[in-house]
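Chemist: my questions are about this predicted structure, shown below with the sequence.
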Amino acid sequence: MILSGYEALFFWIFALAAIFAALLTVMARNAVHSALFLISSLVSVAALFVLAGAEFIAGVQILVYVGGVMVLFLFVIMLVNVGAEEHGREEIFNNRRQVTASLIFCFLLVAGVLYAVNEGYRGLQKSRPIPENALGAGTRPTETGPPGATGTSMITKDTEAVGNSLYRYASLPFEIASVLLLVAIIGSVMLARTLKQEASADDVDPELLQEEIARDSELAKLEPQSE
Amino acid sequence: MLLLGPVNVLNDLLLRFFSQETINFFIWPLIQIGLVVTLVALWVAYATYLERKISAFMQARLGPMRVGPWGLLQPIADGLKLLTKEDFIPEKADRWIFFFAPYIAVASAFIVFSVVPFGPDWAVIADVNIGLLLVLAVSSVGVLALILAGWSSNSKYALLGGLRSSAQMVSYEVAMGLSLIGALMFARTLSLSGIVGAQGSDSIWFILYQPAGFMLFLISGIAENNRAPFDLPEAESELVAGFHTEYSGMRWSLFFMAEYAAMVVVSAVAATVYLGGWYFPFVYRLETAGYHNLYVIVSLLVFLVKVSIILYIYFWLRWTLPRFRYDQLMDIGWKWLIPSALINIALSAIAIFLVQALNGYRGMRTIESLDRGLNLTATGKGIMIVIGFAGVFIIAALLARINWRSRDFNLKTQRRNIRLVNLPKGKPAVSVSEV
């Protein structure tokens, strides 16, 4: 696919915006400013998804990352007072070893991306036909629906294709991922609320606490707190 | 042909300078956007007037009466006053973020209007295939404005308001998204024009199939807009004015505008998804009679009336109900709205399955055709409506059972109850010998 006209213009605008915002994310001194630059980078990437014809992914990117994850990030940054770093005046990139290591990793990353893009391009050149059922019945990615109400936009079947492939062919990984998230939630609750905390909040039955102390003598000093 | 004459003249005039493609892709959308932004801004201004009038009538007062006849010029006078007021920035505020937060709020409220179908044909700016997803995504960005405004003011009331709003909106966003899925099962598309089209081709409003979904969407929409009774981020009696305590002049009025614009957005989405959007029975006869532009304009008016009705519900609730406590707010969000939205999705799936299974049972015909979504016959619609309204009670009963005495949930008593049952410690609840 060769970009031309307005598409190329928008591609360059958003690509450069994504890169510069990502750089500023690392270089900003204030944590909230960093988060804001990260948000602009994510929005630019969403715009690139739209240019690539993946509107659903773009919408989900903004909904999940900007509307959900980054809001929680900001929430945490505001609760945790990060004052020490932001008033510092020393340079951020001062260590020679840090710079060397990051340059090496940057080089490896660029080499990997270039290799992957080349391989993908060669794979596309072979133009292997996509099996009829790979994306669900009748939802080939190239298929376009009727023109929109204004006649200017074409409605693609992008969303249907994502739904079909997610729930028909990738339902097991999908379920595993959701179980993983559930485990993470329960785990974080367990970590956040230990018996020690519960005892100090007077949430434990005295009899049970006695039993626990008999098992684990370390808890003995909690007893006066709970009474 | 009403209105078409000047449009053609303008098109010919533009053709001298631009190609037809540029006109179709850039000039016309720009004209549409300009019109919508102006009209929505006016509408928002008069929404404040209406709110004051309605609240006045509810409290047996007259409301604004001085500026113009019946106080009709009051919003304009208010706007002029706010423009001339000092735009104050606190000394210790983060200047740039303080400066930009109101613009994020207004932009995220107004961008959504780009996908709302105000009417058929030329009354749509953009019909994108992820319309509803875009609405949810962009309105979730609106939270950022509130948090940033609260943080950058460098004031404890503002920060508390910002933290409250982020917690509130993140939890109600989930319920909002889930409550729409029931209606999407019938529409089978995310495009807002497509949803209106699905209701038009089936000649029904989805509120009849999805009364529970409509209620859930409306409640979580009110919470998402931080309106009373969910206005904790700006609770006057506790936090002065919450996240916009330090704002003044034009910047304060931008927040005000964003709040009302977001209200109009939620009402417009509710009207589109549940009340049929611009679709109204018998209006289509104008199109078949040949009055195309009249048809579009009448549809536009129908849409405006529907949105106004939902806006009235907003005002009504604000001036009737007291504010929730913070723990009650979180209870409603997590213990009631999200589970009921999930139950609603399951019930809708069962209803669709049932109607399809009943087709052909003892000569019953429920499905008209399956070509364009799910077109039902009168019997099928009847079954669907009955299940929909019964669903409200089923959901209420189920949740009342689940949440029974959840208010007095207490770890201590819970542990004591477990001990009273006397489960053996450290062994599985069901021993191997029993199996």
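Modeler: Everything's here; your move.

Chemist: burial of residue A:9, as a residue count?
Modeler: By the criterion of other Cβ atoms under 10 Å in any protein chain shown, residue A:9 has 11 neighbours. No exception for glycine: its C-beta is placed from N, CA and C like everyone else's.

Chemist: residues in contact with it?
Modeler: When the contact criterion is Cβ atoms under 8 Å, 6 or more residues apart in numbering or on different chains, residue A:9 has no partners at all.

Chemist: measure it to chain B for me?
Modeler: The gap separating residue A:9 from chain B is 13 Å, by Cβ to the nearest Cβ, to the nearest Å.

Chemist: show me what contacts the residue of the stretch 101-250 of chain B at minimum distance from chain A?
Modeler: Nearest residue of the stretch 101-250 of chain B to chain A: residue B:140, at 2.7 Å (Cβ to the nearest Cβ). When contacts are counted by Cβ under 8 Å, 6+ apart, residue B:140 touches A:62-63, A:66-68, A:71, B:169, B:173.

Chemist: so can I have CSV of those residues showing distance to residue A:113?
Modeler: Below are the contacts of residue B:140 laid out as CSV (distance: Cβ to Cβ, whole Å):
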residue, distance to residue A:113
A:62, 24
A:63, 26
A:66, 24
A:67, 28
A:68, 27
A:71, 30
B:169, 36
B:173, 34
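
Chemist: by neighbours, which of these wins?
Modeler: The most crowded member of the contacts of residue B:140, judged by other Cβ under 10 Å, is residue B:169 (27 neighbours).

Chemist: pretty sure it sits against residue B:141.
Modeler: No. The criterion here is Cβ atoms under 8 Å, and residue B:169 misses it with residue B:141 at 10.6 Å.

Chemist: what about residue B:9, neighbour count?
Modeler: Burial of residue B:9 is recorded as 10 neighbouring residues (other Cβ under 10 Å).

Chemist: so what's it up against?
Modeler: Residue B:9 makes contact with no residue, according to Cβ under 8 Å, 6+ apart.

Chemist: can you tell me the helix or strand for it?
Modeler: Under the criterion of DSSP states H and E, residue B:9 resides in helix B:4-15.

Chemist: what about the helix or strand following that helix, near chain A?
Modeler: Downstream of helix B:4-15, the first helix or strand assigned by DSSP H and E is helix B:20-22. No. Helix B:20-22 lies apart from chain A when judged by Cβ under 8 Å from any Cβ of the partner chain; the minimum separation is 9.8 Å.

Chemist: let's test this: mean pLDDT of helix B:20-22, rounded?
Modeler: The pLDDT scores in helix B:20-22 average 71.

Chemist: quick revisit: let me know the closest of the contacts of residue B:140 to residue B:390.
Modeler: Nearest to residue B:390 among the contacts of residue B:140, counting by Cβ to Cβ, is residue B:173 at 28.3 Å.

Chemist: my guess is the closest one contacts residue A:67. True?
Modeler: Yes. Under the criterion of Cβ under 8 Å, residue B:173 makes contact with residue A:67 at 6.8 Å.

Chemist: joint contacts of those two?
Modeler: B:136, B:140.

Chemist: give me the three-state assignment for residue B:315.
Modeler: Three-state call for residue B:315 (DSSP: H, G, I helix; E, B strand; the rest coil): helix.

Chemist: distance check, it against chain A.
Modeler: Counting by Cβ to the nearest Cβ, the separation of residue B:315 from chain A is 27 Å.

Chemist: now the contacts of residue B:140 in JSON lines, with secondary structure?
Modeler: As requested, these are arranged in JSON lines below (three-state DSSP):
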{"residue": "A:62", "secondary structure": "helix"}
{"residue": "A:63", "secondary structure": "helix"}
{"residue": "A:66", "secondary structure": "helix"}
{"residue": "A:67", "secondary structure": "helix"}
{"residue": "A:68", "secondary structure": "helix"}
{"residue": "A:71", "secondary structure": "helix"}
{"residue": "B:169", "secondary structure": "helix"}
{"residue": "B:173", "secondary structure": "helix"}
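
Chemist: of these, which pair is most distant in space?
Modeler: A:62 and B:169 (14.8 Å).

Chemist: pretty sure residue B:136 contacts residue B:179?
Modeler: No. Using Cβ under 8 Å, residue B:136 is not in contact with residue B:179; the gap is 11.0 Å.

Chemist: between those two, who's got more neighbours?
Modeler: Shown here are residue B:136 and residue B:179; by other Cβ under 10 Å, residue B:179 has more neighbours (29 against 23).

Chemist: what helix or strand is the more buried one on?
Modeler: Going by DSSP H and E, residue B:179 is part of helix B:156-187.

Chemist: and residue 165, how many residues sit next to it?
Modeler: Assuming you mean chain A. For residue A:165, the number of neighbouring residues by other Cβ under 10 Å comes to 16.

Chemist: think we crossed wires, I meant chain B
Modeler: Neighbour count for residue B:165, taken as other Cβ under 10 Å: 25.

Chemist: could you check which helix or strand contains the spatially most central residue of chain B?
Modeler: What sits nearest the mean C-alpha location of chain B, by Cα atoms, centre = their mean, is residue B:266, with 2.3 Å. Per DSSP H and E: residue B:266 is located in helix B:249-274.

Chemist: same question for that helix, mean pLDDT?
Modeler: The average of the pLDDT scores along helix B:249-274 is 88.

Chemist: next one: stretch B:101-121
Modeler: Mean pLDDT, computed over stretch B:101-121, is 86.

Chemist: mind listing what's buried in stretch B:154-161?
Modeler: Under the neighbour-count criterion of 16 or more other Cβ atoms under 10 Å in any protein chain shown, stretch B:154-161 has B:155, B:157-161 buried.

Chemist: got it, and stretch B:19-33?
Modeler: Neighbour-count burial for stretch B:19-33, counted by 16+ other Cβ under 10 Å, picks out B:23, B:28-29, B:32.
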